[in-house]
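Colleague: Prediction below, plus the sequence it came from.
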Amino acid sequence: MSKVKKITEQDYRLGRKIQKIRKVKGMTQEQLAEKVKVSTTFIGYVETGYRRPNLKMIYKIARALDAKVKDIFPF
């Protein structure tokens, strides 16, 4: 039996903030994934809160979005 990951409020809010910035910048998930060198699936999981990126990945995402890490936090 597989375990279903519980989405935390913080993971959800972080993902939505990343998604909001991405959309404001006019980027697709595919474009962001290409810039960060990860799969589109990974970006989708981050944006929905199913994956929690580490700080290094958050920095890469922020840089790819031409944003600062502080723009992502606080969410």
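Modeller: Thanks, I have it.
Colleague: quick one: Asn36 and Lys60 touch, right?
Modeller: Just so we're on the same page, residue 36 is Val rather than Asn. Yes - with contact defined as C-beta atoms under 8 Å, Val36 counts as touching Lys60 (5.0 Å). Just so you know, the C-beta spots here come from the backbone N, C-alpha and C atoms, and that holds for glycine as well.
Colleague: what about this structure, any weak spots by pLDDT?
Modeller: Within the chain, the stretches with pLDDT under 70 are 1-4, 75.
Colleague: Can you show me the helices along it?
Modeller: With DSSP state H applied, the chain shows helices at 9-24, 29-36, 40-48, 55-64, 69-72, listed in chain order.
Colleague: For the third one, name the packing helices and strands.
Modeller: This points to helix 40-48. Secondary-structure packing of helix 40-48 (3 or more C-beta pairs under 8 Å, 6 or more residues apart in numbering; DSSP states H and E): helix 9-24, helix 29-36.
Colleague: mind putting those in TSV, mean neighbour count and distance to Leu65 included?
Modeller: Listed next are the helices and strands packed on helix 40-48 as TSV, based on neighbours: other C-beta atoms under 10 Å; distance: least, C-beta to C-beta, whole Å:
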stretch	mean neighbour count	distance to Leu65
helix 9-24	16	5
helix 29-36	17	7
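Colleague: That's all I had, so thanks and see you.
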